[in-house]
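[1] 3D, please:
(one chain, ligands or ions: 2)
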Amino acid sequence: MTTSAPSSRPPRAELHVHVEGTLEPGLAFELAARNGVALPYPDPASLRAAYDFADLGSFLELYTANMAVLRTAADFADLTRAYLTRAARAGVRHAEISFDPQAHLARGVPLEDVVGGIASVLATSAADHGVSTLLIASFHRDKPVVDALDVLDRLLATRAPIVGIGLDNAEIGYPPGLFTDLYARAREAGLRRTAHAGEEGPAANVRDALDLLHAERIDHGIAVVQDPDLLTRVAAEQVPFTVCPVSNVRLRAVPSLTEHPLPAMIEAGLLVSINSDDPPYFGAYVDDVDDAVTAALGLTRDQRAALAAASFQGSFLPRDRVVAHLADVEAWRVAGA
Ligand code: HPA
Ligand SMILES: [Zn+2]
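    Ligands and ions are numbered 1, 2, ... in the order given. Sure thing, here's the model as predicted:
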């Protein structure tokens, strides 16, 4: 009888990944050639070498510039497919994928092509990749709320297959309170709600995302450790936090993985998962993130299983699906015990 070795990584959900941020330099060059777009780098290796960031702003500049190669529904489909292929290898069983509709509208790419291209691949992701998927429309904090409201209305009018909304881009100077109308409208429309908060900004942004936006989940949220009262509250409420430790180091929100607040968040009893954010830009898909934090922080198998379990518990999946995934995580945990 043969027994297969226990998988080295747990099954997990990825809850914090921007589809535009999954653009590999090789695919960027392929799409550039296909669309007759010139990239200001001679080859993929030179582009990858530019993935060295001083802060969130310098990352957003390159991330936004590279979107120039995404022109057609087929481009968005290819991008999404490439991510799912790699995510499946990382042990991802469920992915909640964000996209930035405003970034593409600003470049004159029709909303239908963006949503249609991504959704065409997500529709069969479980069969094709063994990864179930949900789509999140993420709005830009540094653009006016009326702009976001207009795009949300268009997404609703066209019955875009989105499960919820998010909030991303620059954080400093753009507090959650600017987007109360957007989140109220999404809530009325029955959409789920997540928001980037406390990435570069203060813990108050996490509190405001919860209290003013009624966000159900917080993306990043690492600043929460600076506010003991808030930390106690989010632990009691089991608010999901989608933490991206490698992203935080690469964008210099945190000096190093060993100094990352992830252990403090775990210690406080938060419902915290680990995620990739923008994998090629930060040199790590979620399996690489798992390996890196495990090595840097000395995580135990039980702690890694708890992070994977939290990824399903923090998802927007129905309860019965969460329970089924939790059984798989538990099987992984005991297989290595
Ligand atoms: O981590 C992020 N923060 C803000 N905006 C973003 N857009 C892509 N990734 C991010
Ligand atoms: Zn993000």
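
[2] drop to CA atoms for contacts and neighbour counts, all remaining ones
    Noted.

[3] hey, what's residue 192 bridged with?
    Beta-bridge partners for residue 192, by DSSP bridges, are residue 164.

[4] Next up, the contacts around it.
    The contact partners of residue 192, by Cα atoms under 8 Å, 6 or more residues apart in numbering, come to 163, 164, 165, 186, 216, 316.

[5] What's the per-residue pLDDT of the second one here?
    Which is residue 164. Looking at residue 164, its pLDDT is 98.

[6] I'd say residue 184 and residue 213 touch.
    Yes. Assessed by Cα atoms under 8 Å, residue 184 is found in contact with residue 213 at 7.1 Å.

[7] So for the two, which sits in the more crowded spot?
    Neighbours per residue, other Cα atoms under 10 Å: of residue 184 and residue 213, the larger number sits with residue 213, 23 against 16.

[8] need the residues of the stretch 151-300 of the chain near ligand 1, please.
    Applying Cα under 6 Å from any ligand atom, we find that the stretch 151-300 of the chain lies next to ligand 1 at 168, 169, 170, 277, 278.

[9] Go through those residues and name the one nearest residue 247.
    residue 277 (6.6 Å; Cα to Cα).

[10] Once you drop chain neighbours, what's closest to whichever residue of the stretch 151-300 of the chain sits closest to ligand 1?
    Closest contact between the stretch 151-300 of the chain and ligand 1, by Cα to the nearest ligand atom, is at residue 169 (3.4 Å). When the adjacent residues along the chain are set aside, residue 169 lies closest to residue 140, with 5.4 Å between them (Cα to Cα, 6 or more residues apart in numbering).

[11] How about residue 148?
    The nearest residue in space to residue 148 (Cα to Cα, 6+ apart) is residue 139, at 6.2 Å.

[12] Then residue 45?
    The shortest distance from residue 45 to any non-neighbouring residue, by Cα to Cα, 6+ apart, is to residue 25 (7.4 Å).

[13] Can you report how many residues neighbour residue 326?
    22.

[14] What sits closest to it if chain neighbours are left out?
    Counting by Cα to Cα, 6+ apart, residue 309 is the residue found nearest to residue 326 once chain neighbours are left out, at 5.8 Å.

[15] which other residues reach the helix or strand hosting the one you found?
    According to DSSP states H and E, residue 309 maps onto helix 301-313. Applying Cα under 8 Å, 6+ apart, the external contacts of helix 301-313 come out as 10-15, 240, 242, 271-274, 290, 294, 322, 325-326, 329-330, 332-333, 336-337.

[16] Could you list the buried residues of that helix?
    301, 304, 305, 306, 307, 308, 309, 310, 311, 312, 313 (16 or more other Cα atoms under 10 Å).

[17] Tell me the one of those nearest ligand 1?
    Nearest to ligand 1 among those, counting by Cα to the nearest ligand atom, is residue 311 at 17.3 Å.

[18] So what's the predicted local confidence for the residue of the stretch 151-300 of the chain closest to ligand 1?
    If you check residue 169, the pLDDT there is 97.

[19] that older thread, how much space is there between the residue nearest to residue 45 and residue 296?
    Between residue 25 and residue 296 the computed distance is 27 Å (Cα to Cα, to the nearest Å).

[20] Residue 169 too?
    28 Å.

[21] Looking at those two, which is more packed in?
    residue 169 (18 against 13).

[22] so that one touches residue 138, yeah?
    No. Residue 169 is beyond contact range of residue 138, at 9.1 Å (criterion: Cα under 8 Å).

[23] Same question for stretch 117-132: list its buried residues.
    By 16+ other Cα under 10 Å, the buried positions in stretch 117-132 come out as 117, 118, 119, 120, 121, 122, 125, 129, 130, 131, 132.

[24] now what about that stretch, what contacts it?
    With contact meaning Cα under 8 Å, 6+ apart, stretch 117-132 is reached by 72-77, 80-81, 84-85, 88, 92-95, 133-135, 161.

[25] Right, I'll leave it there.
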